[in-house]
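Enquirer: quick one: sequence and predicted model below, then my questions.
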Number of protein chains: 2
Amino acid sequence: MAEDNRKSRVLIIGGTGYIGKFVVEASAKAGHPTFVLVRESTIADPVKAKLVENFKNLGVKLITGDLYDRESLVKAIKEVDVVISTVGQMQLADQSKIIDAIKEAGNVKRFFPSEFGLDVDRLNAVEPAKSALAIKAEIRRAIEREGIPYTYVSSNCFNGYFLPTLMQPGLTSPPTDKVIIPGDGHPKAIFNLEEDIGSYTIKAVDDPRTENKILYINPPNNTYSFNDLVALWEKKIGKPLEKLYVPEHQILRDIQEAPLPINVILALNHSIFVKGDETNFEIEPSFGVEASTLYPDVKYTTVDEYLSRFV
Amino acid sequence: MAEDNRKSRVLIIGGTGYIGKFVVEASAKAGHPTFVLVRESTIADPVKAKLVENFKNLGVKLITGDLYDRESLVKAIKEVDVVISTVGQMQLADQSKIIDAIKEAGNVKRFFPSEFGLDVDRLNAVEPAKSALAIKAEIRRAIEREGIPYTYVSSNCFNGYFLPTLMQPGLTSPPTDKVIIPGDGHPKAIFNLEEDIGSYTIKAVDDPRTENKILYINPPNNTYSFNDLVALWEKKIGKPLEKLYVPEHQILRDIQEAPLPINVILALNHSIFVKGDETNFEIEPSFGVEASTLYPDVKYTTVDEYLSRFV
């Protein structure tokens, strides 16, 4: 796609990861000169080759380098205006290296650290999720201390993680007869297609309204309580499910009793579906903006449409 | 069921957890006087009520108490001969409290700490699995330092975790067209039905051959390479799957790039299916015994039988 020189040049770090590839594609398709930091071994890899080939076809420029090679990082950053990090959980803390490199480079107009989940400043998560998510909050504070212009993308639940199984960890079959619902099933959660998360993120790149703000991706048609989601699924499969509600005190014990990695999944589900951490606060203009309101032209995939794939 | 006074009295701590309930049932059904340490709130809980009711019907005695209430713990331990811990990941380290209580009680003939997975002394796991699994090894060392007679149950993969999805984390559908295979698919892993793990564990309780040994549950008919498992599944569904092999260096990067909790799952799968950590060593008589050899009367469910449930 032809590049648009009025659009910021974007570097994605972690661009071959779970959410990163959707951000890369959205950036290129939106006409941003798009750069991806990749290790040499990634380019040579047969499995990632298809992904990288697709990037190239979209006009994406691969920059050889590494989060842990400061010189390559600073050099890559100097070629762009905006840096988007989509590194995974294990590298969240090492984003301090990106912050240092952005300071040294001195040219970055906006930094999107790796978020793409819950708003980590407004959480009621318990361990082991609590500490894992707290790393993102620490990176926020580091960015703010350094005065780097930022956008934090709070994209809530990835469709692909939650919807195909209706959040039934440890079950031995997809829910066609019974479903376990944490808490009372009333708190609302938000589910987004990964491609749409990419699109909204890229919309924010050159938008002054998103500077130093949290960009919440909260499309009204993708906001469902657990109960409403089960009702939608029941309608699709044409039969009612047996519903088993697990009270919060039991969930907290289940987290203690569960083996790895179920304990992690249960703790995330507790925050989202019992505490309602995706929707239990108002988005105030002082700290946040909502993506589907800012960008009504993005035709996002609704949960209703998405779930139809699994009938 | 009638109790057999020649059989050791067994206390299970964590008996309402994922694997604990199978151990409790196996103990009661085998005729051991069986005790479960439960919090008062657990007994009152509507969700756990069915489980607890089932325990009672099997003649299990509920002892009100708590891992964090030393007096109740020591009192419960004094009523039995053998202590089996099936606490979850979050409480593994706190098994030091059980060790202290066993020392104080002074009457325990055998302690089974919460293991029920990989042999944590013979691992090639990477982070974040490495640290999580290391806690079990630390508990082993503490038990050995105190000279408490032990059995470590190395039960390998829980069927319910691995087989229904054929280990496809983050996929949006069950594998009916393609399957992602870590590494070359050759290392062998071992899959066991949770009920069988309970049965073998209880068999070991009064068996001198399992004292101060690792009890490996490695039934020959449940030992499959990833490739063999896929071939078995293909035969069952009557169609070949597209196979995508992910080389190890790519898996190691995927672990870095993955969001929580997929990074944890990928790291466990790397240890099991790439490093072959369930089968890449010989069981030497000096440290281990194999359950299906010791107890040929246990009619375990084979992987072949189990997978038929999902066709």
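Expert: Received it, and whenever you're ready, just let me know what you need. Numbers count the residues shown, from 1 in each chain, chains lettered A, B, ... in the order given.
Enquirer: need the contact list for the residue in the stretch 1-150 of chain A that chain B sits nearest to.
Expert: Using Cβ to the nearest Cβ, A:G17 is the residue of the stretch 1-150 of chain A that sits closest to chain B, at 3.4 Å. In this view, the C-beta of every residue, glycine as well, is placed from N, C-alpha and C. By Cβ atoms under 8 Å, 6 or more residues apart in numbering or on different chains, the contact set of A:G17 is A:T86, A:V87, A:G88, B:D254, B:E257, B:A258.
Enquirer: just A:Y224 next, same as before
Expert: Contacts of A:Y224 (Cβ under 8 Å, 6+ apart): A:K188, A:A189, A:I190, A:F191, A:L232, A:V303.
Enquirer: and it, that's in a strand?
Expert: Yes: judged by DSSP: H, G, I helix; E, B strand; the rest coil, A:Y224 forms part of a strand.
Enquirer: and the residue of the stretch 201-311 of chain A nearest chain B?
Expert: For the stretch 201-311 of chain A, Cβ to the nearest Cβ, closest residue to chain B: A:E257, 3.3 Å.
Enquirer: wait, that residue sits on B:I13?
Expert: No: contact criterion Cβ atoms under 8 Å: A:E257 and B:I13 do not qualify, at 10.4 Å.
Enquirer: overlap in contacts of the two?
Expert: The overlap between the contact sets of A:E257 and B:I13 (Cβ under 8 Å, 6+ apart) consists of B:V87.
Enquirer: between those two, which one's more packed in?
Expert: Taking neighbours as other Cβ atoms under 10 Å in any protein chain shown, A:E257 and B:I13 compare with B:I13 leading, 30 against 25.
Enquirer: by mean pLDDT, which helix or strand of chain A comes out lowest?
Expert: None of the helices or strands of chain A scores lower by mean pLDDT, DSSP states H and E than helix A:40-44, at a mean of 79.
Enquirer: in that one, what's buried?
Expert: Residues of helix A:40-44 classed as buried: A:T42 (neighbour count, 16 or more other Cβ atoms under 10 Å in any protein chain shown).
Enquirer: do stretch A:180-190 and chain B meet?
Expert: No: Stretch A:180-190 lies out of reach of chain B by Cβ under 8 Å from any Cβ of the partner chain, never closer than 9.0 Å.
Enquirer: quick check: end-to-end length of that stretch?
Expert: When the termini of stretch A:180-190 are compared using Cα to Cα, to the nearest Å, they are 19 Å apart.
Enquirer: that one: which residues count as buried?
Expert: Here stretch A:180-190 shows A:I180, A:I181, A:P182, A:G183, A:G185, A:P187, A:K188, A:A189, A:I190 as buried, counting by 16+ other Cβ under 10 Å.
Enquirer: of all those residues, which comes closest to chain B?
Expert: The shortest gap between chain B and any of those belongs to A:I180, at 9.0 Å (Cβ to the nearest Cβ).
Enquirer: run through the bridge partners of the closest one.
Expert: With DSSP bridges as the criterion, A:I180 is bridged to A:L244.
Enquirer: was I right to think A:I19 contacts A:G160?
Expert: No: A:I19 is beyond contact range of A:G160, at 9.8 Å (criterion: Cβ under 8 Å).
Enquirer: so the two - more neighbours on which side?
Expert: A:I19 (25 against 17).
Enquirer: now that one, what are its backbone angles?
Expert: phi -100, psi -20 (degrees, to the nearest 10).
Enquirer: separation between A:Y200 and chain B?
Expert: 17 Å (Cβ to the nearest Cβ, to the nearest Å).
Enquirer: got a list of what that residue touches?
Expert: A:V153, A:S155, A:L215, A:I217, A:A291, A:S292, A:Y295, A:V298, A:Y300.
Enquirer: in strands, which of those fall?
Expert: Secondary structure from DSSP state E places A:V153, A:L215 of those in strands.
Enquirer: just to revisit the earlier point, per-residue pLDDT of the residue of the stretch 201-311 of chain A closest to chain B, please?
Expert: Among the per-residue scores, A:E257 holds a pLDDT of 88.
Enquirer: ditto for the one 4 residues further on
Expert: The predicted local distance difference test score for A:P261 is 88.
Enquirer: most neighbours of all the contacts of A:G17, which one?
Expert: A:T86 (29 neighbours).
Enquirer: which one is that one nearest to, not counting chain neighbours?
Expert: A:G20 (3.4 Å; Cβ to Cβ, 6 or more residues apart in numbering or on different chains).
Enquirer: now that neighbour: how far from B:I202?
Expert: The gap separating A:G20 from B:I202 is 48 Å, by Cβ to Cβ, to the nearest Å.
Enquirer: the more surrounded of these two?
Expert: B:I202 (31 against 24).
Enquirer: hmm, B:H32 and the more buried one touching each other?
Expert: Yes: taking Cβ under 8 Å as the definition, B:I202 is a contact partner of B:H32 at 6.7 Å.
Enquirer: give me the common contacts of these two.
Expert: B:V10.
Enquirer: how about the helices in the stretch 1-150 of chain A?
Expert: A:20-29, A:40-44, A:46-57, A:70-78, A:96-105, A:129-145 (DSSP state H, counting those that start in this stretch).
Enquirer: for A:S114, find the nearest of these.
Expert: helix A:129-145 (7.4 Å; Cβ to Cβ).
Enquirer: distance from that closest one to the middle of the chain?
Expert: 15 Å (Cα atoms, centre = their mean, to the nearest Å).
Enquirer: of the helices of the stretch 1-150 of chain A, which stretch is the most buried?
Expert: Most buried of these, by mean neighbour count (mean count of other Cβ atoms under 10 Å in any protein chain shown): helix A:20-29, with a mean of 25.
Enquirer: which outside residues touch stretch A:287-307?
Expert: A:119, A:154, A:159, A:163, A:191-193, A:195-196, A:199-200, A:203-204, A:207, A:209-210, A:213-222, A:224, A:229, A:232-233, A:236, A:283.
Enquirer: next, count neighbours for the nearest residue to A:I148 once chain neighbours are set aside.
Expert: Take A:I148 and drop its neighbours on the chain: the residue closest to it by Cβ to Cβ, 6+ apart is A:F111, 5.1 Å away. By the measure other Cβ under 10 Å, the count of residues near A:F111 is 22.
Enquirer: spit out the contact partners of A:F111.
Expert: A:V82, A:V83, A:I84, A:S85, A:I98, A:I99, A:I102, A:I143, A:I148, A:P149, A:Y150, A:T151.
Enquirer: do you know how far the closest residue to A:A142 other than its chain neighbours is from A:R145?
Expert: Closest residue to A:A142 apart from its sequence neighbours, by Cβ to Cβ, 6+ apart: A:I99 at 5.5 Å. Applying Cβ to Cβ, the value for A:I99 to A:R145 is 9 Å.
Enquirer: same check on A:D81?
Expert: Applying Cβ to Cβ, the value for A:D81 to A:R145 is 22 Å.
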